[in-house]
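Visitor: following is a predicted model, sequence given first.
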Amino acid sequence: MKKHEEKIFENEIISIFDNEADYENENALTFNKLMAYYRCAIMEIETKFNVLNEEYSLQYDRNPISSIKTRLKSPISIKEKLERNAFPVTTESIEQNLADVAGIRVICSFPEDVYALANALLRQDDIQLVKKKDYIKNPKENGYRSLHLIVAVPIFLSCEKRIMHVEIQLRTIAMDFWASLEHQIRYKKDTEFTEDMMKELYECARVSAELDMRMDELRKKCDR
Ligand code: GTP
Ligand code: MG
């Protein structure tokens, strides 16, 4: 992290403790350490996907991964989620109760790539699947599609091995396009979301899924 980013992050951490004095005690140190471990876990998973992308592009002469986005849940969001679910707001509780502190989103070219990449990752012997939600086979009521995995991955520190949880979201470019815009629309303040708007959003999701299918057909024709 750059110096000014560190400062912003530090201020955010202070704001999750009841008072600044608490920040000075070891809580803050443990919290910082845990966040560093999550950052390492993200690096591990991102590298694994980059390696798979490299291998596939050699084999099939195209990239299955269009882009990768990573994010560490902010201290404020961590605090809010713990409180919302009536979990204690402690560093220990974060590891025990939250599985989405470390997040990675893998945007794939085609639906087939989503499953090929997920399966290739899950076959690796240091990766353990904790939870899987397939919103592609079973889209959410609003039309949301993505494959969600919670995995456990080891990170190797100088004197210990730590198992960390990472949330992985795999989706196609079309699914990502819909999800990003839906997120922006949903979080618009002062606007009532009507039944008609919900229907229209669902229809947009259906059209994007159809687009994915049609592009996939085209790809298959070209592969022959
Ligand atoms: P959270 O408590 O929000 O983490 O949800 P969850 O524990 O029920 O997990 P789920 O796998 O359903 O969703 C996790 C994440 O997927 C969310 O934080 C979003 O990033 C994404 N997501 C889930 N549903 C939607 C949706 O309807 N629209 C969009 N844009 N993103 C979604
Ligand atoms: Mg979440």
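Guide: On my side now, so go ahead. Ligands and ions are numbered 1, 2, ... in the order given.
Visitor: use CA for all of it now, contacts and neighbours both
Guide: OK.
Visitor: relative to ligand 1, how far out is the residue found closest to Ala174 once you drop the neighbours it is linked to in the chain?
Guide: Of all residues not flanking Ala174 in the chain, Ser208 sits nearest, at 5.6 Å (C-alpha to C-alpha, 6 or more residues apart in numbering). Distance check for Ser208 against ligand 1: by C-alpha to the nearest ligand atom, to the nearest Å, it reads 14 Å.
Visitor: quick check: which element contains Ser208?
Guide: Using DSSP states H and E, the element containing Ser208 is helix 195-223.
Visitor: surely Arg162 is within a strand?
Guide: Yes. Membership of Arg162 in a strand is supported by DSSP: H, G, I helix; E, B strand; the rest coil.
Visitor: just say helix, strand or coil for Glu167.
Guide: For Glu167, the secondary-structure state derived from three-state DSSP is strand.
Visitor: and it, what does it touch?
Guide: 99-104, 148-151 (C-alpha atoms under 8 Å, 6 or more residues apart in numbering).
Visitor: what's the end-to-end length of stretch 117-134?
Guide: End-to-end distance for stretch 117-134, by C-alpha to C-alpha, to the nearest Å: 14 Å.
Visitor: pLDDT averaged over it - what is it?
Guide: Averaging pLDDT along stretch 117-134 yields 98.
Visitor: distance from it to the middle of the chain?
Guide: 14 Å (C-alpha atoms, centre = their mean, to the nearest Å).
Visitor: quick check: Glu217 vs Leu211, distance?
Guide: Counting by C-alpha to C-alpha - Glu217 and Leu211 are separated by 10 Å.
Visitor: output the contacts of Glu167 in a markdown table, with secondary structure appended to each entry.
Guide: Formatted as a markdown table, those follow (three-state DSSP):
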| residue | secondary structure |
| --- | --- |
| Ala99 | coil |
| Asp100 | coil |
| Val101 | coil |
| Ala102 | strand |
| Gly103 | strand |
| Ile104 | strand |
| His148 | strand |
| Leu149 | strand |
| Ile150 | strand |
| Val151 | strand |
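Visitor: if we check ligand 1, which of those residues are in contact?
Guide: His148 (C-alpha under 6 Å from any ligand atom).
Visitor: pick out the most distant pair among the contacts of Glu167.
Guide: Val101 and His148 (14.1 Å; C-alpha to C-alpha).
Visitor: now name the helix or strand holding the residue of the chain at minimum distance from ligand 1.
Guide: Residue nearest to ligand 1 within the chain (C-alpha to the nearest ligand atom): Ala179, separated by 3.8 Å. Per DSSP H and E: Ala179 is located in helix 173-186.
Visitor: out of the contacts of Glu167, which one sits closest to Leu201?
Guide: Nearest member of the contacts of Glu167 to Leu201, counting by C-alpha to C-alpha, is His148, at 21.0 Å.
Visitor: does any bit of the helix or strand hosting Ser77 sit next to ligand 1?
Guide: Per DSSP H and E, Ser77 falls inside helix 75-84. No. Shown here: helix 75-84 not in contact with ligand 1 (C-alpha under 6 Å from any ligand atom), separated by at least 7.5 Å.
Visitor: which strands and helices sit next to that helix?
Guide: The helices and strands touching helix 75-84, judged by 3 or more C-alpha pairs under 8 Å, 6 or more residues apart in numbering; DSSP states H and E, are helix 3-16, helix 91-97.
Visitor: quick check: residues of this protein near ligand 1?
Guide: 144, 148, 179-180, 182-183.
Visitor: next secondary structure after the helix or strand of the chain with the lowest mean pLDDT?
Guide: When each helix and strand of the chain is scored by mean pLDDT, DSSP states H and E, helix 20-24 comes last, with a mean of 59. Under the assignment DSSP H and E, the closest C-terminal helix or strand after helix 20-24 is helix 26-60.
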